[in-house]
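>>> give me a model of this one.
(one chain, ligands or ions: 1)
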Amino acid sequence: MDKISESIEAMGTMKLDKSISLVYGKDIDLAIKSLKKQVPKKPIDQSTWKACPTCNQGIGVNNKTPNPKAIAYCFHCGQKLDWD
Ligand SMILES: [Zn+2]
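So this is what the prediction gives:
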């Protein structure tokens with residue numbers, strides 16, 4: 001498991017402690033949500049263009065884009081993109 005996935009899992013475990021969850025639950029949720037976007041996901045094929053796998057919005061890439069790998073992150077939500 002990579003370091004980011006380990007951190008996500010660790011924060012999930014922290015949240016199980018009710019005294020922590022009561023005070024920091026929303027902060028932990030935000031951190032988990034942010035960290036999940038750092039785990040690369042493959043863009044979704046929409047016939048001639050590509051969409052973000054997290055927010056489903058266009059990422060500015062179509063079948064004529066010369067170097068789609070230059071788009072490392074979704075500019076709408078910050079999801080890291082996996083082009084391999
Ligand atoms: Zn997105």
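>>> which residues touch the closest residue to Asn56 other than its chain neighbours?
Excluding the flanking residues, the one nearest Asn56 by C-beta to C-beta, 6 or more residues apart in numbering is Ile44, at 7.2 Å. No exception for glycine: its C-beta is placed from N, CA and C like everyone else's. Ile44 makes contact with 50-53, 56 under the criterion C-beta atoms under 8 Å, 6 or more residues apart in numbering.
>>> please narrow those residues to those residing in strands.
50-51 (DSSP state E).
>>> filter the contacts of Ile44 down to the buried ones.
50-53 (16 or more other C-beta atoms under 10 Å).
>>> closest one of those to the ion?
Cys52 (3.0 Å; C-beta to the ion).
>>> what's the closest non-adjacent residue to the closest one?
Spatially, and ignoring its direct neighbours in sequence, Cys52 is nearest to Cys74 (4.0 Å; C-beta to C-beta, 6+ apart).
>>> what's the neighbour count on that neighbour?
Using other C-beta atoms under 10 Å, Cys74 is surrounded by 24 other residues.
>>> go on, Ser5?
A total of 13 residues lie near Ser5 under the criterion other C-beta under 10 Å.
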